[in-house]
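please find the sequence and the predicted model below.
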Number of protein chains: 4
Amino acid sequence: MLDASAKGVYVIAPTPFHEDGRVDERSIDTMTDFFLGAGATGITVLGMMGEAPKLDAEEALAVAARVIERASVPVVVGVSAPGFAAMRTLTRAVMDKGAAGVMIAPPSSLKTDDQIVGYYANAAEAIGADVPFVIQDYPLSTGIVMTPGVIRRIVADNPGAVMLKHEDWPGLEKISTLRGFQADGSMRPISILCGNGGMFLDFETERGADGAMTGYAFPDMLADVVRLSAAGERDAAHDLFDAHLPYMRYEQQPGAGLAVRKYVLMRRGIIGSAALRKPGGGVSAKTRGEVDYLLARLARHDARAGDLRGA
Amino acid sequence: MLDASAKGVYVIAPTPFHEDGRVDERSIDTMTDFFLGAGATGITVLGMMGEAPKLDAEEALAVAARVIERASVPVVVGVSAPGFAAMRTLTRAVMDKGAAGVMIAPPSSLKTDDQIVGYYANAAEAIGADVPFVIQDYPLSTGIVMTPGVIRRIVADNPGAVMLKHEDWPGLEKISTLRGFQADGSMRPISILCGNGGMFLDFETERGADGAMTGYAFPDMLADVVRLSAAGERDAAHDLFDAHLPYMRYEQQPGAGLAVRKYVLMRRGIIGSAALRKPGGGVSAKTRGEVDYLLARLARHDARAGDLRGA
Amino acid sequence: MLDASAKGVYVIAPTPFHEDGRVDERSIDTMTDFFLGAGATGITVLGMMGEAPKLDAEEALAVAARVIERASVPVVVGVSAPGFAAMRTLTRAVMDKGAAGVMIAPPSSLKTDDQIVGYYANAAEAIGADVPFVIQDYPLSTGIVMTPGVIRRIVADNPGAVMLKHEDWPGLEKISTLRGFQADGSMRPISILCGNGGMFLDFETERGADGAMTGYAFPDMLADVVRLSAAGERDAAHDLFDAHLPYMRYEQQPGAGLAVRKYVLMRRGIIGSAALRKPGGGVSAKTRGEVDYLLARLARHDARAGDLRGA
Amino acid sequence: MLDASAKGVYVIAPTPFHEDGRVDERSIDTMTDFFLGAGATGITVLGMMGEAPKLDAEEALAVAARVIERASVPVVVGVSAPGFAAMRTLTRAVMDKGAAGVMIAPPSSLKTDDQIVGYYANAAEAIGADVPFVIQDYPLSTGIVMTPGVIRRIVADNPGAVMLKHEDWPGLEKISTLRGFQADGSMRPISILCGNGGMFLDFETERGADGAMTGYAFPDMLADVVRLSAAGERDAAHDLFDAHLPYMRYEQQPGAGLAVRKYVLMRRGIIGSAALRKPGGGVSAKTRGEVDYLLARLARHDARAGDLRGA
């Protein structure tokens, strides 16, 4: 079961599709295996970047179950839903299958601090007090800003709140503030794993984050950076990170970025096809050329970017 | 099957719950019977005001199926969903059960005219070209503004688009513009049923709307107003409407209004309990007092407001 | 100077324009005189419905100064601005001219409770601690929801915060909660005047509001309702209110309503022209017909609606 | 006067303040001189990142006039305002002082394609048909998404529309589409200068942009990249760009980034103080340490990052 000691890299898994839109089960397996080999300490499925809303209830459960079955690390399942009944139903099903916990983002309709705190109280009641959950703090997508004080209230109210998926932007000061809450005893410890495609991972770990929970096409690099940073090899961590940044920035474009990520995962041989389900386009010829150029430049510093097998 | 000739009052059905949050099946039946007796020409289930997002997939289908089974009028099912797979799954299931059509609202994330038009094209493909659907135009809730020109494009692109649930606010000029499009031959005829709790039904019918699709606690009054207006009895229609307006306005408060509506439906003996599922509160003692006062005043003009049986 | 004892009706004054868009100074005078005769206990200028953003800095000051000069009641000036420097400049100028206080709405960009509280602290510092101000709480327009607790914090932090322009929707429970804060000693007394075009004034006064601050075309009726309610003549207050509701609801349509209001003010002979500055349309022939019909019906209950002089 | 042939780097100038919040006029001069020496082909004042909304009308004009007076390159002035009267007043004043043109962003309240197009038509009428203007396309800040088709309509309708400040995100395909419109003759040529802090400048120029209009603390680097790219030295352009990216990304954090930028401009001796006007914080000790580390790393590749004089 997920708890506050979680660290390292929880890879946000995309959902692989065939060109015709069907879920690609074989690619789920190859992808899962790759993540394990890349040093993932956990895997998160059915996240926003996992095209979870494009699956129906049955498909969602099947995808989660397949990853849980195959993975030897904790699996977190995104269960954000328009209502608590659907959230509870999916949570119960995946916990039965062996999920380590679930992840919940606040809906865009919330308007005040109290509404956010109240939402998590209702959600925790719906999924059951014994289910560990991750607070997803992603204002760029949800429009909801949670102050450090609000996060502290959620943690205080709900024993199940054991992790923050941190992707506020900017967010470095927030990590420092939350770790300060722990230091002054006003908040129990939680795990903080960072998102935003890893764009600030180099400093997030230095601020006290426990690692990353995000979906970059080179999770192996994320794992290296977390490891180097934890080992105190600051310059080496930044050197590796900086080499990836030109491509990482390109992949991190809202909306368009997921198609780029899947294209590179496909080029790396991790999934069979770069296809997205509708709505969601592909990559243009110009984009493909730019990505290939970025990967070629990256390969001078990181050989993994040169080892491309997919079409 | 739903088509562009639909008119009258399609009542937006709430979902009745027991005090403990379980779906109240017996009340679904009494409510359905009441709507039929009240002059409903159709019933719409799983709409926003029907607490649809609070049901899980199985419950949603069961509620829709029960109303379809019992009703002798066309039943429209709200199938708005975060993704097309869930929309398709629910649509197929309810059409199999005998639904007359489905209703689709645009998600809040859409940003441009083209995105709105594209969304409906994808939705129509997902549910199947043979399924008639209602365009729900409700900016106060969705944040999405569809110009008359955008609606015309959606109608042109999708044979299944046969009805507009009109609840833009203000919206009278929009009805006139759309009927003008039909008159000048630039848009094929569609049915226009109006929402917003009926707050402008008196003039909407005069502007060319075919009736109402909304959830007021006195659907029998809505049916009367539509009938009187169609019969050319303008002053009588307004007299009845105006008598209801003080209470109607009270029920039409965003968020809080649904609890009021369920309270009055319960008082009228139409459903067994005023309970809402979480999140969603009840009515305070002060609110109850105000509603009772408004009903007492209304009863001087409309005896139905005085015939209260529920606790 | 404005203080927490303010009550009655503060009329939100529109800005009268000539047909060519110039400010109509003569109409400012006739309008001001009319408001005084109608029982206004105060006048508010440069509010959102006063087309304040359409005036440049010099015009805004001139309009405010002219009303202040002529009125024998307190004048509140809307000073909401994108930044504090412009807010301070306008505040100082109008206070010099004799304004009783200013009104400040939160900008749409605020995201958390703390940001709202911080915004008012900065605003109060900018305008000067000796200037009384009105907190404008209008979520439908600003998108900002202030909980009762946030309002209490603003009142506690800023001695200048003496009045709430209440136009949350729904808002009745909020009035009760705030009056409860006063009763339990957790908040010092403030004046609460209600907006939203008066649509809930009948119950707002019963909940403890001190009156209205809004812009209905019949401020004389608002004054009557507040007076009747204060005198304990509940049924009489509701009778008068209900007679106005069909037209009031029509005038209260977002965006379109201001043109309707100016049309009726013009018909009543209160201003010379119904013109709006761009952007902002007029009233269509159909709308004019509907308004005239509503006024004719209203005139059966309130002779003022039949006394039309303007073209 | 600004026209469609504009290219290179138009630096978005911050407004320098003293620690006590007064405008720092001497720093306006040193900053202007620096920009000219850095290869700026234009300067833009009173932009969003220039803290323009924090100035009152008189201050805004004074800042613009001082830069115009001193600069030997075209100066563009941001005139976005809540209403057209204020926009016209400022435009006339700065054009009188010698501005080359103005920049206009759409307000967040616009909801449809037609509203955006109509807004620019009204704005162009307000400022005068002879005044060249820049369309600011910055969805992350305004919330308004303009499709390429909408931009084409604005260009077609308004002879004054000569430049696009492109900062949609992602935005590379948009540049390609707009240049495609020019190639197929469906849109007259316009200048496209890119924003977003330069984060995609390396590819934007390759897609056909004419350069940058943004506010990075190393505008001299932006000028180099545009020059190298125009000279066909692709790898050299990317090498320089990539060296800056780790710091650039840090500066580009919404909200917090402006304080970082001013801190570095101060360290470079370009302005006298890093102070922001309220609301707006400074940089924490941790942030300062991170920025200093990033600059030290950058200095290994670009000596300008090592030449720090300010405190």
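Cool, the structure landed.

quick check: which element contains the residue of the stretch 151-300 of chain A found nearest chain C?
Proximity of the stretch 151-300 of chain A to chain C (CB to the nearest CB) peaks at A:D168, 10.8 Å away. Just so you know, the C-beta spots here come from the backbone N, C-alpha and C atoms, and that holds for glycine as well. Assessed by DSSP states H and E, A:D168 sits outside every helix and strand.

look at it and report its pLDDT.
The score at A:D168 is 95. That number is its pLDDT.

got it, and the one 3 residues further on?
On pLDDT, A:G171 comes in at 96.

before we move on, what about A:A311?
At A:A311, pLDDT is 67.

show me the shaky parts of chain A.
Under the criterion pLDDT under 70, the flagged ranges of chain A are A:311.

got the residues of it near chain D?
Taking CB under 8 Å from any CB of the partner chain as the contact definition, chain A meets chain D at A:169-170, A:172-173, A:176, A:199-200, A:202-203, A:206-207, A:238, A:241-242, A:245-246, A:249-250, A:253-257, A:284, A:286-287, A:290, A:297.

which of those residues count as buried?
A:169-170, A:172-173, A:176, A:199-200, A:202-203, A:206-207, A:238, A:241-242, A:245-246, A:249-250, A:253, A:256-257, A:287, A:290, A:297 (16 or more other CB atoms under 10 Å in any protein chain shown).

for the residue of the stretch 151-300 of chain A closest to chain C, the count of nearby residues, please.
22 (other CB atoms under 10 Å in any protein chain shown).

against C:L110, how distant is it?
Distance check for A:D168 against C:L110: by CB to CB, to the nearest Å, it reads 16 Å.

next one: A:I271
42 Å.

neighbour count winner among the two?
Just comparing A:I271 and C:L110: by other CB under 10 Å the higher neighbour count belongs to A:I271, 27 against 19.

secondary structure class for the more buried one?
coil (DSSP: H, G, I helix; E, B strand; the rest coil).

for stretch A:125-138, buried residues please.
Buried residues in stretch A:125-138 (16+ other CB under 10 Å): A:126-127, A:131-138.

who's in contact with A:G21?
A:G21 makes contact with A:275, A:277-278 under the criterion CB atoms under 8 Å, 6 or more residues apart in numbering or on different chains.

which of those tops the neighbour count?
Greatest neighbour count in the contacts of A:G21, by other CB under 10 Å, goes to A:A275: 19 neighbours.

can you classify A:P107 as helix, strand or coil?
Using three-state DSSP, the secondary structure recorded for A:P107 is coil.

so who does the most far-flung residue of chain A relative to its centre touch?
Taking CA atoms, centre = their mean, the residue of chain A most remote from its mean C-alpha position is A:D184, at 28.8 Å. Going by CB under 8 Å, 6+ apart, A:D184 touches no other residue.

tell me where the stretch 151-300 of chain A has strands.
Secondary structure of the stretch 151-300 of chain A (DSSP state E, counting those that start in this stretch): strands at A:161-166, A:191-194, A:211-214.

what about the closest residue to A:D224 other than its chain neighbours, distance to chain D?
With sequence-adjacent residues excluded and distances taken as CB to CB, 6 or more residues apart in numbering or on different chains, A:D224 is closest to A:L240, at 5.9 Å. Using CB to the nearest CB, to the nearest Å, we find A:L240 at a distance of 12 Å from chain D.

next, A:S80: phi, psi?
phi -50, psi 140 (degrees, to the nearest 10).

next, count neighbours for it.
22.

ok, it - contacts?
Per CB under 8 Å, 6+ apart, neighbours of A:S80: A:48, A:52, A:87, A:103-105, A:107, A:136.

same thing with A:S72?
With the criterion set at CB under 8 Å, 6+ apart, A:S72 makes contact with A:L36.

may I ask you to name the longest helix in chain A?
Looking across chain A with DSSP state H, the single longest helix is helix A:234-251.

show residues contacting that helix.
So helix A:234-251 is contacted by A:197-199, A:201-202, A:205-206, A:216-218, A:221, A:224-225, A:228-229, A:257, A:260-261, A:264, A:290-291, A:294-295, A:297-298, A:301-302, A:305, D:199-200, D:202-203, D:238, D:241-242, D:245-246, D:249, D:297 (CB under 8 Å, 6+ apart).

and that helix with helix D:234-251, angle?
Orientation check (axes from the mean of the first three to the mean of the last three CA atoms, to 10 degrees): helix A:234-251 against helix D:234-251 gives 100 degrees.

centre of the chain to helix A:234-251, how far?
Distance, stretch centre to chain centre, for helix A:234-251: 18 Å (CA atoms, centre = their mean, to the nearest Å).

equivalent analysis for stretch A:24-37, please.
16 Å.

do the same with stretch A:297-310
From the chain centre to the centre of stretch A:297-310 is a distance of 23 Å (CA atoms, centre = their mean).

tell me what the helix or strand containing A:V9 is packed against?
With elements taken from DSSP H and E, the one containing A:V9 is strand A:8-12. Applying 3 or more CB pairs under 8 Å, 6 or more residues apart in numbering or on different chains; DSSP states H and E, one finds that strand A:8-12 contacts strand A:42-45, strand A:211-214, helix A:219-230.

A:M221 contacts A:D302, correct?
Yes. Applying CB atoms under 8 Å as the test, A:M221 and A:D302 come out as touching, 6.7 Å apart.

might one say that A:A105 is in contact with A:M48?
Yes. Using CB under 8 Å, A:A105 is in contact with A:M48, at 7.3 Å.
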